[in-house]
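J.: Build me a model from this:
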Amino acid sequence: EITIWSDETGRMIRLSAPAQSLEVVREDIAAVSSRTVTISRPNDERVNIPSNGFSLAGTISKPVSTGKLPAVVFLHGSGGDRSEQLDTAVALAKRGAIAMTITAPSTGKTAPPGATGEELVRWQGATLAADVVAARRAFDVLAGDDRVDDERLGLVGWSLGGRLASIVAGVDDRVRATVL
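T.: Prediction:
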């Protein structure tokens, strides 16, 4: 079986042929979508979250609890990915909350070489905006889950993820609690 992902213009983003151990990822998004995170718990699931023309990689850690549950999105620090928050997310899930870790689109991105100061400011703004949109799309996924209590959504941000969490909390009314 071969799976092909494409963006909104039809350009290929990723091709996956697991039987042949083949993964081909477009270079400009490789840092975000090609990282592999090992999931060790049966209640955890990998998710692909649509965000700005590509799928954002995420992991949802689910408790064994039933009923409407609180949910938290975990945002990692600079240079990291969702795996650095997975242990904490699993611990929270064991205490009865749904926890999602995502890899920010800015992961692995570097500023364009030779960019002017003005171009760097624009690049940084666009990069931050993509991360904010990605975190909000993670909330969209959680809000679409029947087990999630929409009135108990939270954010946990570590390092650069803390900066991102503070911005997301300021623009998204669904966020009820933020830990930086």
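J.: How about residues contacting the longest strand along the chain?
T.: Ranked by residue count under DSSP state E, the longest strand found in the chain is strand 148-157. The contact list for strand 148-157 (C-beta atoms under 8 Å, 6 or more residues apart in numbering) reads 68-75, 85, 88, 98, 135, 139, 142-143, 163-166, 168-169, 174-180. For every residue, glycine as well, the C-beta is placed using N, CA and C.
J.: Each with direction, which strands does it pair with?
T.: strand 69-75 (parallel), strand 175-179 (parallel) (DSSP bridges).
J.: Determine which stretch of those strands is the most buried.
T.: Ranked by mean neighbour count, the strands paired with strand 148-157 are led by strand 69-75 with a mean of 25 (mean count of other C-beta atoms under 10 Å).
J.: That one: how far from the chain's middle?
T.: How far strand 69-75 lies from its chain's middle: 12 Å, per C-alpha atoms, centre = their mean, to the nearest Å.
J.: same deal with stretch 116-123?
T.: The answer for stretch 116-123 is 25 Å, by C-alpha atoms, centre = their mean.
J.: who touches that stretch?
T.: Residues from elsewhere that reach stretch 116-123, judged by C-beta under 8 Å, 6+ apart: 111-112, 115.
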